[in-house]
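need coordinates for the below:
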Amino acid sequence: MSTVALHQKYRPQSLAELVGQPYIKTALTNAVKHSQIAPAYLFTGFRGTGKTSTARIFAKSLNCLNSKKPTDKPCGICQSCRAIESSNSLDVSEIDAASNNGVDDARALIERCTLAPVAGRYRIFILDECHCLTGNAFNALLKCIEEPPPHVVFILCTTEMHKVLPTIISRCQVFNFRTLSIKTIVQHLRIVADAESISVDDEGLNAIARLSDGGLRDALQLLGQASLLHTDITAHHIMEIAGGVTEAELIAILQAISSNNTFNLLQVARELVDSGKTSKLIISNLLQTYRDLLIIKSAPKEQALLTGCVSYTQLKAFAKHWNFETLNLSLAELQKAENYLRYTVNAAVWLEVCLLNLLPGLLPVVTTKTNVKPGHDNRLLPTFGTYTVNKVTEKPGDRGEDSLLPVVATNTANTANLAQIWQQVMDKAKPNHQKLLAHGHLVKLQGSKAILEVTPAYQKKFESGKEAIAKMLQRATQSPKPLTVLIKTSNHSDNGRVKA
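Coordinates of the predicted model:
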């Protein structure tokens, strides 16, 4: 005999039991109490946030036989309530719109609307994943949803409201089911774990909540899967089950980076890849960890803002090794690698390149230097690496024709700014061009000249598209004059910076 999954066993049975949706709970409760029942509802939101469960509860509230009128507290024991819970009710039809999405299915549904309820007060139609309906099917339902018979209620559920016709949305009461906070999920998981005698620590519950992305159903499924271990469940167990990067593995990476140990860093990276973890997943977890380090540096007492799997104590110890500038440059490197991983076939190579570029020896050192004339502003200006920004008061006409163009620091230390400009170019490019642009990056931009460093195999394609790239760079930098693009191959390194 199969066991009941936790997300089914602990499915809410009344509006009062809804988790993490206070507005929806209040609105639907008042609608039932005051008999203000709309002909059509649209429940939209992330998966596992309670849309279908709420639709069933609402159906029970409308058709409960132990009450003379709709009630916000259905009994759960009458024939109607039990039939709805077991999906056997003749008055409540749950329709999977993904497999019944044609115009003929819509017309059959319209014909059923004319039938009177068998036992309850209303005939209720729950259309799950309604965005899968075709345009013709939506149009066929349009009039029926707008003016259904008085005994008919439509409840449309979708995870992708943007795919639903605006004319349908305008005829429904829309309820947005928000993703649940980590705190809310952890509190509910603790109740379930205690009821099921599942031994799991708080860190383990936090790991489950983070991995569920705000969906309670996913969280309960992961808890149920972890309970099969029959041991004291920790965050490490959860990450192993989910296939994520564990806290110990992230700490090993941080230790190698902070100690500038290239060998250990590459060894950890290869062990992670060999264990089946994708480069994209590793970069994503590192991005989250560096974000948490930035939070620790700026707001060390706000533990609630942390979202990664590395503990507050460990983050606080590691935060001493980085300053704000280094963390920002590291985040820029991770963002660049994350973008390249979308298109490259050499994911493991880009992972190693990104990790090496996070080493302190390869990140620029921020210093300051001034060169001002007497009587002028003496504010210190930042200098990256060996490139010095001098603040000098100039007379009109001192600069040449390039003076109207934005000047960006030209050494590799200003990689963050150049990467941001190149990212803007890629974001605004057509999808079929983005794959090509991912094989190059901007290494120098000064005056009217821009230098791109590209993979040798794609040099000819970049050369043929120089004019188009120049126009995109001009728009990204808001330059008033056309730019000249020079292409060079990336078969060497600049100032010790690792290239792929």
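
quick one: low-confidence parts of the stretch 151-300 of the chain?
Across the stretch 151-300 of the chain, nothing is flagged by pLDDT under 70.

where along it do the helices fall?
Counting by DSSP state H, counting those that start in this stretch, residue ranges of the helices within the stretch 151-300 of the chain are 166-169, 182-195, 202-211, 216-227, 235-242, 247-258, 262-274, 279-298.

can you give me the buried ones in the fourth one?
This means helix 216-227. Buried residues in helix 216-227, counting neighbours by 16 or more other Cβ atoms under 10 Å, are found at 216-224, 226-227. For the C-beta atoms, the positions are set from N, CA and C on the backbone; glycine is no exception.

so which residues make contact with that helix?
Helix 216-227 is contacted from outside by 5-7, 10, 19-20, 47-50, 180, 185, 188-189, 192-193, 196, 198, 200, 204-205, 208-209, 211-212, 233, 237-238, 241-242, using Cβ atoms under 8 Å, 6 or more residues apart in numbering.

how close does Leu127 sit to Glu240?
Taking Cβ to Cβ, to the nearest Å as the measure, Leu127 falls 39 Å from Glu240.

of the two, who's got more company?
Leu127 (27 against 14; other Cβ atoms under 10 Å).

mind putting the buried residues of helix 216-227 into TSV with distance to Val103?
Shown next, in TSV, are the buried residues of helix 216-227 (distance: Cβ to Cβ, whole Å):
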residue	distance to Val103
Leu216	35
Arg217	32
Asp218	34
Ala219	38
Leu220	37
Gln221	35
Leu222	40
Leu223	42
Gly224	40
Ala226	45
Ser227	46
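
closest one to Lys297 out of those residues, please.
Nearest to Lys297 among the buried residues of helix 216-227: Ala219, at 30.1 Å, using Cβ to Cβ.

which ones are touching the residue nearest to the closest one when sequence neighbours are not counted?
Nearest residue to Ala219 in three dimensions, chain neighbours excluded: Ser212, at 3.8 Å (Cβ to Cβ, 6 or more residues apart in numbering). The neighbours of Ser212, taking Cβ under 8 Å, 6+ apart as the test, are 48, 185, 218-219, 222.

one more pass at 7 Å, please.
185, 218-219, 222 (Cβ atoms under 7 Å, 6 or more residues apart in numbering).

how does this structure divide into domains?
6-177, 182-242, 247-357, 364-393, 404-489 (automatic domain parsing).

how long is the first one end to end?
The reference is to domain 6-177. 21 Å (Cα to Cα, to the nearest Å).

quick one: distance of it to the chain centre.
28 Å (Cα atoms, centre = their mean, to the nearest Å).

count of residues packed around the nearest residue to Asp202 once chain neighbours are set aside?
The shortest distance from Asp202 to any non-neighbouring residue, by Cβ to Cβ, 6+ apart, is to Val186 (7.4 Å). For Val186, the number of neighbouring residues by other Cβ under 10 Å comes to 19.

returning to what we had before: buried ones among the contacts of helix 216-227?
So, by 16+ other Cβ under 10 Å, the buried ones in the contacts of helix 216-227 are 6-7, 10, 19-20, 48-50, 180, 185, 188-189, 192-193, 198, 200, 204-205, 208-209, 211-212, 233, 237-238, 241-242.

shaky segments in the chain?
Those would be 1-2, 361-416, 490-500, if you go by pLDDT under 70 across the chain.

ranges for the strands of it?
Secondary structure of the chain (DSSP state E): strands located at 40-45, 92-96, 123-128, 152-158, 173-177, 366-369, 381-384, 440-446, 449-454, 484-489.

tell me which of these lies nearest to Ala31.
strand 173-177 (8.5 Å).

please name every helix or strand in contact with the closest one.
strand 40-45 (3 or more Cβ pairs under 7 Å, 6 or more residues apart in numbering; DSSP states H and E).

if you set the cut-off to 8 Å instead, what comes out?
Under the contact criterion of 3 or more Cβ pairs under 8 Å, 6 or more residues apart in numbering; DSSP states H and E, strand 173-177 touches helix 22-33, strand 40-45, helix 51-63.

list the residues that contact Ala419.
332-333, 335-336, 441-442.

mind putting those residues in CSV, distance to Asn100 and neighbour count included?
Shown next, in CSV, are the contacts of Ala419 (distance: Cβ to Cβ, whole Å; neighbours: other Cβ atoms under 10 Å):
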residue, distance to Asn100, neighbour count
Ala332, 48, 18
Glu333, 49, 25
Gln335, 43, 17
Lys336, 45, 24
His441, 49, 23
Leu442, 51, 23
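
closest one of those residues to Gln36?
Among those, and counting by Cβ to Cβ, the member closest to Gln36 is Gln335, at 48.6 Å.

test my guess that that closest one contacts Leu287.
Yes. Counting by Cβ atoms under 8 Å, Gln335 touches Leu287, with 7.3 Å between them.

ok, the closest residue to Cys113 other than its chain neighbours - contacts?
Distances taken as Cβ to Cβ, 6+ apart place Val152 nearest to Cys113, at 5.0 Å, with adjacent residues excluded. Going by Cβ under 8 Å, 6+ apart, Val152 touches 39, 113, 122-125.
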